[in-house]
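Student: here is a sequence together with a model predicted from it:
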Amino acid sequence: MLDKYNADPMLYASLLEYARINRRNQTEAEKILWDIVKAKGLGFQILRQYIIDSYIVDFICRPSKLIIEVDGGYHSEPQQEESDEMRTKRLQSLGFRVIRFTNEEILFHIEDVIKTIKYNL
């Protein structure tokens with residue numbers, strides 16, 4: 001059963017397959033973060049590669065409506081920054097808060113990342 005945040009049923013099957021591929025092919029930063037937050041490691045259930053609207057978000061805590069995005073180097077390119085901004089605005093319009101971390105922040109400053117996530121939860 002789809003909830004109000006999930007994709008249009010016509011898009012859902014292709015997004016679901018893509019989400020499964022993403023789960024199998026995590027970046028190093030995503031794996032590190034997932035290892036910490038899975039199984040309620042922060043006191044909240046966190047899901048990964050979750051479909052909302054026409055997007056697949058990296059991580060989500062549904063009860064607190066918090067989306068956590070992990071951005072690789074290509075996210076600093078102007079076209080991708082614009083796309084990320086539009087995506088964030090759409091997710092915010094659905095009632096979500098979005099926080100973003102770079103791969104480097106997760107790899108080299110994970111304690112600060114976890115503090116920020118806990119604060120936002």
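Tutor: Looks like it arrived, so ask away. Every value quoted in this text rests on a predicted model; they were computed, and no experiment measured them. Numbering: from 1, shown residues only.

Student: so in this structure, where's the weakest helix or strand by average pLDDT?
Tutor: Between all helices and strands in the chain, the lowest mean by mean pLDDT, DSSP states H and E belongs to helix 78-93, at a mean of 86.

Student: can you list the buried residues in that helix?
Tutor: Neighbour-count burial for helix 78-93, counted by 16 or more other CB atoms under 10 Å, picks out 84, 87-88, 91. (Each C-beta comes from the backbone N, C-alpha and C, glycine too.)

Student: show me where the protein has its helices.
Tutor: For the chain, the helices defined by DSSP state H occupy 9-24, 28-37, 78-93, 103-108, 110-120.

Student: and those helices as CSV, adding distance to Asp71?
Tutor: Formatted as CSV, the helices of the chain follow (distance: least, CB to CB, whole Å):
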stretch, distance to Asp71
helix 9-24, 14
helix 28-37, 9
helix 78-93, 7
helix 103-108, 7
helix 110-120, 12
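
Student: pick the most deeply packed of these.
Tutor: helix 28-37 (a mean of 18; mean count of other CB atoms under 10 Å).

Student: then it to CSV, C-alphas only?
Tutor: Presented in CSV, the C-alpha positions along helix 28-37 are these (Å, rounded to 0.1, in the frame of the first residue of the first chain):
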residue,chain,number,x,y,z
GLU,A,28,31.6,4.2,1.3
ALA,A,29,30.0,7.2,3.1
GLU,A,30,26.5,5.8,2.8
LYS,A,31,27.7,2.5,4.2
ILE,A,32,29.3,4.1,7.2
LEU,A,33,26.3,6.2,8.0
TRP,A,34,23.9,3.2,7.4
ASP,A,35,26.0,1.0,9.8
ILE,A,36,25.5,3.6,12.5
VAL,A,37,21.8,4.4,12.0
